[in-house]
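Q: Okay, sequence plus prediction incoming.
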Amino acid sequence: MSVPELLARARDRGLTVATAESCTGGMVAAALTDVAGSSAVFERGFITYSNAAKLELLGVAPDTLAAHGAVSEPVAREMAEGALARSAADIAVSITGIAGPGGSEFKPEGRVCFGLARKGGGTRVETVEFGALGRAGVRRAATQHALGLLAAAVG
């Protein structure tokens with residue numbers, strides 16, 4: 001589904017969206033707001049690149065960050081739920097990952113964790129291993145995947 005279609009379906013269903021982005025640095029919000037009329041659907045975006053921003057703006061628990069690290073499904077869950085709680089949106093998507101270059105044996109380049117939270121509908125999380133596509137490639141792939149999660153959520 002294209003971004004204009006995603007926005008039209010969300011608008012038709014009366015749904016609003018928030019984003020909580022780390023490694024994509026606002027690319028999902030930019031893709032949504034590139035479309036005229038997106039203000040009917042896009043409620044707000046949080047760019048929480050640092051751990052401090054995740055804590056302060058989204059309410060990610062310090063213990064969660066300490067136990068799992070920023071690139072983890074538990075943090076992606078808390079990011080999505082925090083964006084939902086701190087906005088008037090119906091759906092929130094979160095993205096946290098290793099865009100590269102580099103990474104580690106345990107958290108390689110291209111690993112991105114996503115969260116999708118819905119008001120009254122629970123939260124789902126997943127990890128995608130995009131591989132070493134290079135920084136720009138990982139960020140583009142993560143943006144497209146997050147848009148796909150939103151498209152599925154709006155039906």
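A: That came through, no problem.
Q: wait, isn't residue 76 in contact with residue 116?
A: No. Under the criterion of Cβ atoms under 8 Å, residue 76 is not in contact with residue 116, lying 9.1 Å apart. The C-beta positions use only the backbone N, C-alpha and C, and glycine is treated the same way.
Q: Those two: which is more packed in?
A: More crowded of residue 76 and residue 116, by other Cβ atoms under 10 Å: residue 76, with 31 against 23.
Q: residue furthest from the geometric center of the protein?
A: Computed with Cα atoms, centre = their mean, the residue of the chain farthest from its C-alpha average is residue 105, at 23.9 Å.
Q: doesn't that residue fall inside a strand?
A: No. Applying DSSP: H, G, I helix; E, B strand; the rest coil, one finds residue 105 to be coil, outside a strand.
Q: State the phi and psi torsions of the residue most central in space within the chain.
A: Computing the C-alpha centroid of the chain and ranking residues by Cα atoms, centre = their mean puts residue 94 first, at 2.2 Å. Backbone geometry at residue 94, expressed as degrees, to the nearest 10, gives phi -130, psi 150.
Q: can you tell me how far it sits from residue 137?
A: Distance, residue 94 to residue 137, using Cβ to Cβ, to the nearest Å: 20 Å.
Q: what are the bridge partners for the residue nearest to the centre of the chain, then?
A: Beta-bridge partners for residue 94, by DSSP bridges, are residue 20, residue 115.
Q: so it sits right up against residue 115, yeah?
A: Yes. With contact defined as Cβ under 8 Å, residue 94 counts as touching residue 115 (4.0 Å).
Q: Now residue 96. Nearest residue, chain neighbours left out?
A: The shortest distance from residue 96 to any non-neighbouring residue, by Cβ to Cβ, 6 or more residues apart in numbering, is to residue 22 (4.2 Å).
Q: Secondary structure class of the nearest residue to residue 42 once chain neighbours are set aside, three-state.
A: Nearest non-adjacent residue to residue 42, counting by Cβ to Cβ, 6+ apart: residue 32, 4.9 Å away. Classification of residue 32 by three-state DSSP places it in helix.
Q: circling back: who touches both of residue 76 and residue 116?
A: Residues touching both residue 76 and residue 116 comprise 94, 125, with contact defined as Cβ atoms under 8 Å, 6 or more residues apart in numbering.
Q: Residues contacting the longest helix seen in the chain, please?
A: Using DSSP state H to define each element, the chain has its longest helix at helix 135-154. With contact meaning Cβ under 8 Å, 6+ apart, helix 135-154 is reached by 1, 3, 5-6, 9-10, 13, 15, 17, 19, 21, 23-25, 27-28, 31-32, 91, 93, 95, 97-101, 109-110, 112, 114, 116, 118, 128, 130, 133.
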